[in-house]
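A.B. asks: The following comprises the amino acid sequence and a computationally predicted model.
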Amino acid sequence: MSSPIPFTSTLRDEQTPVLSQRTLWLMAIACGVCVANICYNQPLLGQFAEYFHATPAQVGWVAMASQAGYGLGLLFFLPLGDILERSRLVLAMIGACAVVLAGTAAAPTLTLLIVGNLLIGATSMSAQVLIPLAVKLSPAHRRAHTVGVMMTGLLGGILLARTLAGIVGDHFGWRAMFGLATAMMLALAMLLRGRLPRRPPTVAMRYGTLMLSLWDVLKSQPRL
C-alpha cells in the first residue's frame, strides 16, 4: 500500500521548537502501529472463512473494507489537522480506533467484521497527521531526515503487521489479534499523551467550509 501525501502544509515558523530524536522516533513508531491496523486482517482471511463458513470472495470484503476505510479517513478526517490541534486529534483518533478494534474482536457475524474493519481503516490514519507535524517541527536542514525516519516507521508497520498477525492468528486465533491491537493502541495513547508537541491550528474555518475548499485545491492543482 502506498502512502498518500499529507494535505497539510510543512511551513515552519520561527517559534517552533526543535523536535528531539526521542520524540521523533516515538512518532515514527506511532505511525507504524497505527497503519498496521489495516493490514492485520490479510493473513487471517482463511480463519475468517473457516470461522464464519464463508467463501473466499465473501471474506475478501474484510480486506477491502479496511483499505476503503483508510481512504475515507484520509478524505474526511485528515483535513481536520488544519483546523484542530493536531496532538489532540491524533490521540482522539487512536482512542476511537482502540474502541473499534475491541468491538471488532467480538464481532459475532461476518457483516459486523467487515463494518468493523471499515471503521478501523477510517480511524487508523493518524500517521498522516503525524508526518506533517514532525516535518513542521524540524529545522529545514533536518526535514529530509525526519521524513526518512517517519516513513521507516510507517512502512515498518505495514510490513511487520502481516507477520505479527500470522503468528498470533496461528497460535491464538483471529480474535486475539484484534485484542492485542486494542492493547497496543491503548499503550500508544499513554506513551504519546503529554509527549506530542502541541501546535495551534493553521486556519480558522468550519468543517464544511474546509471540505468545500478541497474542490478549490482540485481545480487549482490538477496534477495533484
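C.D. replies: Here it is on my side, so go on.
A.B. asks: ok, the closest residue to residue 199 other than its chain neighbours to residue 188 distance?
C.D. replies: Using CB to CB, 6 or more residues apart in numbering and skipping residues adjacent in sequence, the residue nearest residue 199 is residue 86, 5.5 Å away. Heads up, the C-betas are built off the backbone N, CA and C, glycines and all. As judged by CB to CB, to the nearest Å, residue 86 and residue 188 stand 16 Å apart.
A.B. asks: just the helices in the chain please.
C.D. replies: With DSSP state H, the ranges of helices along the chain come out as 21-36, 45-52, 56-76, 86-105, 110-122, 127-136, 143-172, 174-192, 207-220.
A.B. asks: The third one to helix 110-122, inter-axis angle?
C.D. replies: It stands for helix 56-76. 30 degrees (axes from the mean of the first three to the mean of the last three CA atoms, to 10 degrees).
A.B. asks: for helix 56-76, which positions count as buried?
C.D. replies: 58-59, 61-63, 65-70, 73-74 (16 or more other CB atoms under 10 Å).
A.B. asks: what distance separates it from the centre of its chain?
C.D. replies: Offset of helix 56-76 from its chain centre (CA atoms, centre = their mean, to the nearest Å): 13 Å.
A.B. asks: ok, residues contacting it?
C.D. replies: 1, 4, 37-39, 41-42, 45, 48-49, 52, 110, 113-115, 117-125, 128, 211 (CB atoms under 8 Å, 6 or more residues apart in numbering).
A.B. asks: The first one now?
C.D. replies: Helix 21-36 has contacts (CB under 8 Å, 6+ apart) with 90, 93-94, 97, 124-127, 130-131, 133-134, 138, 146, 149-150, 152-158, 160-161, 164, 181, 184-185, 188, 191-192, 195-197.
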